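> Starting from these lines, generate the structure:
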Amino acid sequence: MYRSTEEKLTDKLIGEAVISLLKSKSPISIDRLIKQLQFMAASAENLNRKSALEQIINEMRHDQADKRARVSYEVRDVDNVRHFFNAEGPSDDQKKH
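Next up is the predicted model:
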């Protein structure tokens, strides 16, 4: 309800890209979505639209790289208790003692 014009444009452009993928019966994935957004940016005549598409692509790539950098492991002990480990170490809100 209180979204900025930029946020509304972002939602609209992502929606257009998803609908294009659905219409072409392509699988929906982040990689496919980025490729569709790149295609839309390459063919965009409006500079605001092109700039918004490029920003969306950059944010999606950045988020994707962050997720790939996070490595987590699930280990079960002899009592079948699950333990989760990640490469980031403990979260900041945990006590360290």
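> Please identify the buried residues of the lengthiest helix in the chain?
The single longest helix within the chain, with elements called by DSSP state H, is helix 47-69. Using 16 or more other Cβ atoms under 10 Å as the test for burial, helix 47-69 gives R49, A52, L53, I56, I57, M60. Every C-beta, even on glycine, is put in place using the N, C-alpha and C of the backbone.
> Quick check: the fourth one vs R32, distance?
Pointing back at I56 there. In this view, I56 and R32 are 14 Å apart by Cβ to Cβ, to the nearest Å.
> cool, and the last one?
Relative to R32, M60 is positioned 11 Å away (Cβ to Cβ).
> residue contacts, the most centrally placed residue in the chain?
For the chain, the residue whose C-alpha lies nearest the mean C-alpha position (Cα atoms, centre = their mean) is M60; its distance is 4.4 Å. With contacts defined as Cβ atoms under 8 Å, 6 or more residues apart in numbering, M60 is in contact with I30, L33, I34, L37.
> Tell me which entries of those residues lie within helices.
The subset of the contacts of M60 located in helices under the criterion DSSP H comprises I30, L33, I34, L37.
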